[in-house]
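**Q** okay, predicted coordinates and the sequence, questions at the end:
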Amino acid sequence: MSFKLAENDYVWWPTAIEVPVDGGNTETHQLEAQYDLLDQDEYNELVDDDIVFLVRVVKDWKDVTDHNDQPLPCTKENKLKLFKSRGYIRLGFLSAYHEAVTGIKAKNLQGQPASGRKGRKPRNRKSTN
């Protein structure tokens, strides 16, 4: 099968939100979100504002509820409310987006997700001594 460059690239990707809890720990909450994988030019335009970026790239979600445990529809208003509410929520969605766009799961990353070499694990090189 040949590789086909898609006009639009949407992908459902697991998203983990690390919610802070007493004692300096976090509790992991899992959901799935559909992301629009941007081309580099659009990514560069939006990346400096996390909220604007996430409202643009998150197209849908599953397993997100309001405070009454009712499903929260993925609308622009609800995305703004969610992404403005807490930094750890934005971090979870941003990390998942970067995993999806690179195809690399977080466990393989070292440091912050990125599309450049800094975000990838360095290769072990054999010594030539």
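**A** Done, it's in. Residues are numbered from 1 along each chain as shown.
**Q** report how many residues lie close to R56.
**A** Counted with other C-beta atoms under 10 Å, the burial measure for R56 works out to 18 neighbours. C-beta: built from backbone N, CA, C; applies to glycine.
**Q** same thing with V57?
**A** V57, neighbours per other C-beta under 10 Å, totals 22.
**Q** please apply the same query to V101.
**A** V101: 20 surrounding residues under other C-beta under 10 Å.
**Q** numbering from 9 from now on, please.
**A** Understood, numbering begins at 9; the last thing we discussed is V109.
**Q** got phi/psi on the closest residue in space to it that isn't next to it in sequence?
**A** With C-beta to C-beta, 6 or more residues apart in numbering as the measure, L45 is the residue that lies nearest to V109, at 4.9 Å, once sequence neighbours are left out. Here is the backbone geometry of L45 (degrees, to the nearest 10): phi -80, psi 110.
**Q** name the SS class of E26, please.
**A** Classification of E26 into helix, strand or coil gives strand, according to DSSP: H, G, I helix; E, B strand; the rest coil.
**Q** next one: the one 5 residues further on
**A** Three-state assignment for G31 (three-state DSSP): coil.
**Q** how many neighbours does it have?
**A** G31 has 5 nearby residues by other C-beta under 10 Å.
**Q** correct me if wrong, but Q38 is in a strand.
**A** Yes - residue assignment for Q38, taken from three-state DSSP, places it within a strand.
**Q** pLDDT score for the closest residue to it other than its chain neighbours?
**A** Of all residues beyond its chain neighbours, the one nearest Q38 is A24 (5.7 Å), with distances taken as C-beta to C-beta, 6+ apart. The predicted local confidence for A24 comes out at a pLDDT of 97.
**Q** ok, A24 - contacts?
**A** Residues near A24 by C-beta atoms under 8 Å, 6 or more residues apart in numbering: T36, H37, Q38, G100, S103, A104.
**Q** separation between it and L99?
**A** Shown here: A24 relative to L99, a distance of 10 Å by C-beta to C-beta, to the nearest Å.
**Q** contacts for stretch 60-71 next, please.
**A** Applying C-beta under 8 Å, 6+ apart, the external contacts of stretch 60-71 come out as 18, 23, 38-46, 54-55, 80, 82, 84, 87-88, 91, 98, 101-102, 105.
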